[in-house]
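Student: I'd like to go over a predicted model; first the sequence, then the structure.
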Amino acid sequence: MPAPIRKAVFPVAGLGTRFLPATKAVPKEMLTVVDRPIIQYVVDEAREAGIEHFIFITGRNKHVIADHFDVSFELKHTLRERGKQKALELLEQFRLAPGKTSFTRQQEPLGLGHAVWCAREMVGNEPFAVLLPDVLVKVERGCLAQMIDTYNQTGGNVIAVEEVPEDQTNQYGVVDVEDAGTDGVYHVHGMVEKPAPGTAPSNLIITGRYILQPQVFDYLEDQETGAGGEIQLTDALMKLMKAQGMSGLAFEGKTYDCGSKIGFLSANVAYALSREDLADDYRAVLKDLLAD
């Protein structure tokens, strides 16, 4: 049995420029899908998968993320005084246990690879997960839990992959793979970050969920820049793949890229329609809007 996945890294230092002016004062990870911040859904996915330690790579003006997962004594007192028991229970449900969160800053926006490298001291010498907070995966059993099932069988490194139209492959990290078995697990033997149109090795992209061995930090240590002049995680993954091998899981679930406006709006619709307390009324509102 491989070493357990106890820690997860959440790179939340991005500027969120595609959502300006909203993100001038509010981190993009705190924008809400229905009534929860985007980051809450991703952390909940990690909790469901059994993650014990949550490592946030933040930037300037991101203190509100730490506040969100902290205790608000004033709010709890007010709710208790007003008899808002359900609201109190909701706050408690989303609170992370004391000592289970760590926060460190990525002081310069040098890319995803650099953000992950910033977590090296907190991760230590053990395998860990990386979850990109822009990506929500809507499914009954979370994407990371599915990946840990695969990891427990294969060990090594596991990435989540999914198909996109071929004319969109230049927007993502794309993998070159052998055919998947009946379990939906591919052997990954190549990858490229945002390939030029028409040059992608497949239409399978890296979705934003990773299980990695700690040796990835050795490959990130040299701080080499790649696509876009940034330190790309994909470049380190290629070296890790050659040294240790890598599996790609075609997971179950519907992905919403909340880093784009259409993806964010789509997520709000999908999650609202899945809520028993909202679905009927919201569906009626949508029908009225579409009829105009």
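Tutor: Alright, I've got the coordinates. Nothing here was measured: the structure is a model prediction, and the numbers come from that model.

Student: look at Gln107 and give its secondary structure.
Tutor: Following DSSP: H, G, I helix; E, B strand; the rest coil, Gln107 is assigned to coil.

Student: what's around the nearest residue to Ala250 once chain neighbours are set aside, how many residues?
Tutor: Once flanking residues are discounted, Ala250 sits nearest to Gly184: 4.1 Å by C-beta to C-beta, 6 or more residues apart in numbering. C-beta coordinates here come from the backbone N, C-alpha and C atoms, glycine included. By the measure other C-beta atoms under 10 Å, the count of residues near Gly184 is 14.

Student: correct me, but Gly184 touches Gly253?
Tutor: No. Under the criterion of C-beta atoms under 8 Å, Gly184 is not in contact with Gly253, lying 11.8 Å apart.

Student: poorly predicted segments of this structure, please.
Tutor: 180-182, 223-229 (pLDDT under 70).

Student: which residues are contacting the helix or strand harbouring Glu45?
Tutor: Taking DSSP states H and E as the definition, Glu45 sits inside helix 38-48. Contacting residues not belonging to helix 38-48 are listed as 8, 10, 12, 28-33, 54, 65, 68-69, 94, 96, 129, 131-137, 141-145, 258 [C-beta atoms under 8 Å, 6 or more residues apart in numbering].

Student: list the ones among the residues you listed that fall in helices.
Tutor: Members of those lying in helices (criterion: DSSP state H): 65, 68, 94, 143-145.

Student: among those, who's most crowded?
Tutor: The most crowded member of the ones in helices among the contacts of helix 38-48, judged by other C-beta under 10 Å, is Leu144 (29 neighbours).

Student: quick check: closest non-adjacent residue to it.
Tutor: Spatial nearest neighbour of Leu144, chain neighbours left out: Ala49 (4.1 Å); criterion: C-beta to C-beta, 6+ apart.

Student: give the contact list for the one you found.
Tutor: Neighbouring residues of Ala49 by C-beta under 8 Å, 6+ apart: 5, 129, 142, 144-145, 147-148.

Student: in space, what's closest to Val71 - neighbours in sequence excluded?
Tutor: Arg95 (6.4 Å).

Student: what about that neighbour, distance to Ser72?
Tutor: To Ser72, Arg95 is 10 Å away according to C-beta to C-beta, to the nearest Å.

Student: same thing with Gly99?
Tutor: 18 Å.

Student: likewise for Gly198?
Tutor: Applying C-beta to C-beta to Gly198 and Ser72 gives a distance of 52 Å.

Student: how about the strands in the stretch 151-292 of the chain?
Tutor: Ranges of strands in the stretch 151-292 of the chain, per DSSP state E, counting those that start in this stretch, are 158-163, 173-177, 185-193, 204-212, 247-250, 254-257.

Student: re the thing from before, of the ones in helices among the contacts of helix 38-48, closest to Glu108?
Tutor: Ile65 (18.6 Å; C-beta to C-beta).

Student: what's near enough to touch the residue nearest to Val71?
Tutor: Arg95 neighbours (C-beta under 8 Å, 6+ apart): 69-71.

Student: and Asp218, by the same measure?
Tutor: For Asp218, no residue meets the contact criterion (C-beta under 8 Å, 6+ apart).

Student: so for the protein, the centremost residue is which one?
Tutor: Most central in the chain under C-alpha atoms, centre = their mean is Leu132, positioned 2.6 Å from the mean C-alpha point.
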